[in-house]
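Sequence plus the predicted model coming up.
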Amino acid sequence: MDDQNKNLLIATALSFAVILGWFVLFPPPDPALDPETSLPPATEATSPAIATTPEAAATGATGTGAVPEAQEVADAPRVPIQTDRLTGSISLSGGRIDDLSLKDYRITLDEDADIVHLLNPVGSDNPHYAVFGWAPGGGLTLDDVPSVMTDWSLESGDTLTPSSPITLRWDSPAGAVFRRTIEVDEDFMFTVTQSVENTGSNALTVAPYGLIARHGEPMDLKNFFILHEGVVAMADGTLAEIDYDEMPDFAVVPSEGARAEVTQVAESGWIGFTDHYWMTTVIPQNGTPFRQVAKYNEISDIYQTEAVQPTITIAAGQSQEVTTQLFAGAKEWETIRDYENDGVDRFIDSIDWGWFFFLTKPIFWLLHHLNLLIGNMGWAIIGLTLIIKAALFPLAYKSYVSMAKMKELQPEMEKIKERAGDDRQKLQQEMMEMYKKEKVNPASGCLPILLQIPIFFSLYKVIFVTLELRHAPWLGPFQDLSAPDPTSIFNLFGAFPWDAPTPGSLLALIFIGILPLLLGISMWVQQKLNPAPTDPTQAMIFAWLPWVFMFMLGGFASGLVVYWIANNTITFTQQYLIMRSQGYKPDVFGNIKSSIKRGPKSDQK
C-alpha cells in the first residue's frame, strides 16, 4: 500500500473517530466548587442541614430519621397554585413548594399524555421540592425558628396566582412572628419574601436560606455525554456544573453535616438542579453575598443545593425581611433571557451550551428567529443550512477552484512522479515548486470540511439540548425533530400495518428510516460529481463511505439528519456550478453508470 492510500485510510478513520468520539474523549471540564478556600467566615447561625432539616446540622443528625414523614406531609393542608402555565400546591407543613406541574408540556406526543410533573412531595416516587427558612444562631434553640415540619397558618390569600400572593405565618415561642409571602409571575418565577418581627425583649440572630432537595437521582435521568444533568450554579460570573455521580465523592464538610462543596458568592449568583428540559433554581437578590452549597447525604440518598445568606440580628421591637426568587419550570430560551434582562446574572448560561458555546449560542439564536419567521422548525433548519453555506461560500469557492486546478495539473504531477522515481525528497521539492508556480494550495480543499465539523457538533448540541426542538414538528410523520426518524424500511415507511422497530434497538439500526436513506443517497450523488478514483483501494473506501455514514447517523435526531441532507444538497449544487464556471462539465450520470458497472471512468468531459 503506497503512502497516498495510507493517508486516505488514516483520514477516513479519523473522520469516524471525530463523529463517534469527540465529546466522549474530550468532554468539557466541569469547573468544581472549592470546599475549603471559598468557605465563608464563621457565623453564629447553623447551616441548613441535609434533607431540608435545619435541625440536623445543629444536632449532628444525618440519618434518615431527619427526613419528614411522608404521611405527615400527605395529611398537611395545602394552598393551591394556579396560573395559565402552572398547577400545583404548597404544603403548610414546612411551607414547602413541593407540588408543581407544567401545563404547556406533556410527557409524550400523545394528546392524552400526562403533563410534566416538576416538583413532587415526600412520599411520591421521586421527591423534589423547595424550602425556605431561617437557621438559628445567637443562643436560639431549634424550637425558636420554623423547621421543615412547622405547621404554618394561612394569614392571607387562598390560592396562589399571578394576581394574588399568599402569606403564611408562624408565631415562635421566642417571641417572634415569622411570615412568608409567596408570589408567582405569568411564567415560572416565584418570589419568596421572608420576614421576622421580633415582638420579644431579646435580640434574635438568624440566617435566611433557600434550598432545593431531590431524593435520589431523577427517574428520567438521561446520563448522556453531550448533556449535563445535576447541579448548575453561577457564582460571580463563574458557571459550575456538577453531575449527580460526582456528588458522592465530595469531601465531608463538618460545618455542613454532610458531603458538600461550598463557595462564597460576593455579589450575584444562583444554584439549583437542571434536567434535560426543566430546572429548579434558588436566586438571592443581586448584591447580597451568600454561601452556595451543593450537598449529598449518602445515608438517605438525598441531593441538595442551598443559598445561605449572612446572619442578621434583629433587635427587640424591630423587623427584617429577605426576598429570594425560585425558578421552577421549563428552560425556554426567551423566558430565561427575559429573566436575565430583569437582573438574574447570566441566567441564559443555565442552558447547557457546551464546549462550543461560541457557536451554539449564535446558531440557536438564528434558528430560533428563523422558526419565528417561518413557523416550522424543520424548514427553519433548512433555512439555517442555507445561511451557513452562504457564509462559507467564499471559502468553498476557493476550495473548489483549487481542486479544479489540481485536476488540471494531474498530468504534470504524473510526470514529476516519473522523474523523481523513488527519491521522495526530490518529489516533494518539485511538487512544492509546482504548487507555488501555479498558486495552488493542495490543503485548501479540506478547509470547508474542517469547518463543518464544529458546526455539525454545535447544531447537534442545539437540537439535542434546547427545549425549543422538543416535540417540534416538521411534516408528515416527523413530529419531533429532537427524536430519531420514526419511519422504517421494516414496514416500508408505514405502508404495512405493523409497527416500526423500537428506537435505539438493533432492528431500528438496521431497518433505517427515510431520512437516513436520503442522507446516504445525497452523499453518494455528491461523490458522483467526480469520476471514481482509479486506485482500487480509494475507490472501495469512497464507495462505502455514504452507506456507512447513513447507518452511523440513522439514530441521530431527525432534525440533525435534515440539516445534513440539506447541507449535502446545497454542497452538490455549489460544487456543480463552480466546476461549470471553471470550464468543467461534471458527468454525474456517466459517473453513476460507471460505478454501477464497476468500471471507473478515467476522464471527464
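All right, it came through fine.

how about low-confidence regions in the chain?
Filtered on pLDDT under 70, the chain yields the residue ranges 1-74, 442-448, 504, 531-535, 597-605.

ok, which stretches of the stretch 201-350 of the chain are strands?
Under the criterion DSSP state E, counting those that start in this stretch, the stretch 201-350 of the chain carries strands at the ranges 204-215, 230-235, 238-243, 252-253, 258-265, 269-274, 278-284, 290-297, 302-308, 312-314, 319-330.

Redo those strands as a markdown table? Include mean neighbour count and distance to Pro173.
From N, CA and C alone the C-beta is placed, and that goes for glycine too. Conversion of those to a markdown table gives the following (neighbours: other Cβ atoms under 10 Å; distance: least, Cβ to Cβ, whole Å):
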| stretch | mean neighbour count | distance to Pro173 |
| --- | --- | --- |
| strand 204-215 | 25 | 12 |
| strand 230-235 | 25 | 36 |
| strand 238-243 | 18 | 39 |
| strand 252-253 | 15 | 31 |
| strand 258-265 | 23 | 28 |
| strand 269-274 | 25 | 32 |
| strand 278-284 | 25 | 28 |
| strand 290-297 | 26 | 28 |
| strand 302-308 | 25 | 24 |
| strand 312-314 | 17 | 16 |
| strand 319-330 | 20 | 18 |
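
So which of these is nearest Val465?
Each of these was scored for nearness to Val465 using Cβ to Cβ, and the closest is strand 269-274 (10.4 Å).

Pull out the buried residues from the helix or strand where Thr571 lies.
Taking DSSP states H and E as the definition, one finds Thr571 inside helix 558-581. For helix 558-581, the buried set under the neighbour-count rule, 16 or more other Cβ atoms under 10 Å, comprises 558-572, 574-576, 578-579.

same thing with stretch 378-390?
By neighbour count, and taking 16+ other Cβ under 10 Å as the criterion, the buried residues in stretch 378-390 are Gly378, Trp379, Ala380, Ile381, Ile382, Gly383, Leu384, Thr385, Ile388, Lys389.

Would you pull up how far it lies from the middle of the chain?
Here the centre of mass of C-alpha atoms in stretch 378-390, compared against the chain's by Cα atoms, centre = their mean, to the nearest Å, lies 22 Å away.

what's in contact with it?
With contacts defined as Cβ atoms under 8 Å, 6 or more residues apart in numbering, stretch 378-390 is touched by 363, 366-367, 370-371, 373-374, 396, 455, 459, 472-475, 478, 481, 559, 562-563, 566-567, 570-571, 574.

Closest one of the buried residues of stretch 378-390 to Tyr244?
Each of the buried residues of stretch 378-390 was checked against Tyr244 using Cβ to Cβ; the closest is Ile381, at 31.9 Å.

Domain ranges for the protein, per the record?
Here the domain assignment for the chain is 38-352, 380-401+444-596, based on automatic domain parsing.

Quick one: those domains as CSV, columns for distance to Tyr435 too.
Compiled in CSV, these are given as follows (distance: least, Cβ to Cβ, whole Å):
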stretch, distance to Tyr435
domain 38-352, 40
domain 380-401+444-596, 11
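
For Phe358, find the nearest of those domains.
Of all the domains of the chain, domain 380-401+444-596 sits nearest to Phe358, with 8.9 Å by Cβ to Cβ.

Now do the end-to-end distance for the closest one.
The distance separating the two terminal residues of domain 380-401+444-596, taken as Cα to Cα, to the nearest Å, comes to 36 Å.

so which strand or helix has Ile521?
Following DSSP H and E, one finds Ile521 within helix 514-527.

the helices in the protein, which residues?
In chain order, the chain shows helices spanning 3-25, 54-59, 70-75, 333-341, 357-374, 377-408, 410-420, 424-438, 447-465, 506-510, 514-527, 536-552, 558-581, 588-596, with DSSP state H as the criterion.

can you give me how far the longest one is from the chain middle?
What that stands for is helix 377-408. Helix 377-408 has its average C-alpha position 28 Å from the chain's average C-alpha position, going by Cα atoms, centre = their mean.

quick one: contacts for the nearest residue to Asp480 once chain neighbours are set aside?
Closest residue to Asp480 in three dimensions, ignoring its sequence neighbours and counting by Cβ to Cβ, 6 or more residues apart in numbering: His471, at 5.1 Å. With contacts defined as Cβ under 8 Å, 6+ apart, the neighbours of His471 are Arg106, Leu109, Gln479, Asp480, Ser482.

Looking at those, state which has the most neighbours.
When neighbours are taken as other Cβ atoms under 10 Å, the top entry among the contacts of His471 is Ser482 (21 neighbours).

burial measure for the spatially closest residue to that one that is not a sequence neighbour, as a count.
Nearest non-adjacent residue to Ser482, counting by Cβ to Cβ, 6+ apart: Leu469, 4.4 Å away. The burial metric for Leu469, expressed as a neighbour count using other Cβ under 10 Å, is 24.

thought Leu469 was touching Leu481?
Yes: the pair Leu469 and Leu481 qualifies as a contact (Cβ atoms under 8 Å) at a distance of 5.5 Å.

what do the two both touch?
Met377, Ile463, Ala557, Gly559.

And the furthest pair within these?
Taking Cβ to Cβ as the measure, the shared contacts of Leu469 and Leu481 reach their widest spread between Met377 and Ala557, a distance of 11.4 Å.

quick one: buried residues of the helix holding Ile521?
514-520, 522-527.

Send me stretch 208-215 as CSV with only the CA atoms.
What follows is stretch 208-215, C-alpha atoms only, in CSV (Å, rounded to 0.1, in the frame of the first residue of the first chain):
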residue,chain,number,x,y,z
PRO,A,208,-32.1,33.2,55.9
TYR,A,209,-31.8,30.4,53.4
GLY,A,210,-33.4,28.8,50.4
LEU,A,211,-32.8,25.2,49.3
ILE,A,212,-33.8,22.6,46.8
ALA,A,213,-33.8,18.9,47.6
ARG,A,214,-34.0,15.7,45.5
HIS,A,215,-34.5,12.3,46.9
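
what residues does that stretch touch?
With Cβ under 8 Å, 6+ apart as the test, stretch 208-215 has contacts from 48, 51-52, 54, 122, 126-135, 192, 194, 272-273, 280-282, 284, 300-309, 312, 322, 324, 326.

what's the answer for stretch 566-580, then?
Counting contacts by Cβ under 8 Å, 6+ apart, the residues outside stretch 566-580 that touch it are 381-382, 385-386, 388-389, 393, 396-397, 400-401, 404, 452, 519, 522-523, 525-526, 529, 585-586, 588.

now with 7 Å?
Applying Cβ atoms under 7 Å, 6 or more residues apart in numbering, the external contacts of stretch 566-580 come out as 382, 385-386, 389, 393, 396-397, 400-401, 404, 522-523, 525-526, 529, 586.

picking up where we left off before, show me whatever sits in contact with both of Met377 and Ala557.
When Cβ under 7 Å, 6+ apart defines a contact, the residues bordering Met377 and Ala557 alike are Leu481.

show me the contacts for Ile596.
Contacts were defined as Cβ under 7 Å, 6+ apart; by that measure Ile596 touches no other residue.

Equivalent analysis for Ala174, please.
Counting by Cβ under 7 Å, 6+ apart, Ala174 has contacts Leu140, Asp144, Gly200, Leu204.

That one and Ser91: what is the separation?
Going from Ala174 to Ser91 by Cβ to Cβ, to the nearest Å gives 24 Å.
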